[in-house]
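S.K.: Pasting a predicted model and its sequence here:
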Amino acid sequence: MTVVTSAVLDEALKKAALAWISVGDGPALALWVLPLDGTLIVLSGPGEQFAPGLAEAAQVTVRLRGDNGGLIVVTEAAVTRLLPGSDVWDEVAPQLAAKRLNASGAADDVIARWVTTNCAVVRLTPVDEQAVERPNLPSDSGAAEPRETPARVETRRPFRLHRVKRR
């Protein structure tokens, strides 16, 4: 399945390894993606990246960066969940498992774990007429205050057996 897109969007999709994806009015989350035939494949679920509401959404906003790291494309994308056992799943899942860094086990074991833990593999297909490219991008940075997270842990001072002289 090849999707025809604008040249800037097509180039950004080909080079994407990370995309900022927001579901509805929610915050944009940086998610690892696999570019495939003019679309993006995203994996989320237990033991994988956290993307609340992505599997159930019909449409999301995708922000992609350019070669210099700056935002170059903002587009709406249709969300299609890939179901285990389908022809598309059989084509995409092995490619996704092969590109998955730090996965424990062989590709077949990883795919089986995705199925048993009900992980979501979704295809994001850009809605081409919705693409926003330069010079129409917003002029503000788009930066937001950091959100509270349970991952933040206070660190203790390191244990020292003997006194350390101050200089």
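M.R.: Arrived safely, thanks for sending.

S.K.: residue ranges of the helices in the protein, please?
M.R.: 7-15, 87-99, 107-116 (DSSP state H).

S.K.: What's the separation between residue 100 and residue 47?
M.R.: 11 Å (Cβ to Cβ, to the nearest Å). From N, CA and C alone the C-beta is placed, and that goes for glycine too.

S.K.: and the residue positioned nearest the centre of the chain, what are its bridge partners?
M.R.: By Cα atoms, centre = their mean, the chain has its centre lying nearest to residue 31, at 2.2 Å. Under the criterion DSSP bridges, residue 31 forms beta bridges with residue 19.

S.K.: just checking, it touches residue 22?
M.R.: No - judged on Cβ atoms under 8 Å, residue 31 makes no contact with residue 22 at a distance of 10.2 Å.

S.K.: Looking at residue 100 and residue 47 now, which is surrounded by more residues?
M.R.: residue 100 (16 against 11; other Cβ atoms under 10 Å).

S.K.: Which positions within the strand with the most length in the chain qualify as buried?
M.R.: When the chain is parsed with DSSP state E, its longest strand is strand 71-82. Applying a neighbour-count criterion of 16 or more other Cβ atoms under 10 Å, one finds 71-77, 79, 82 buried in strand 71-82.
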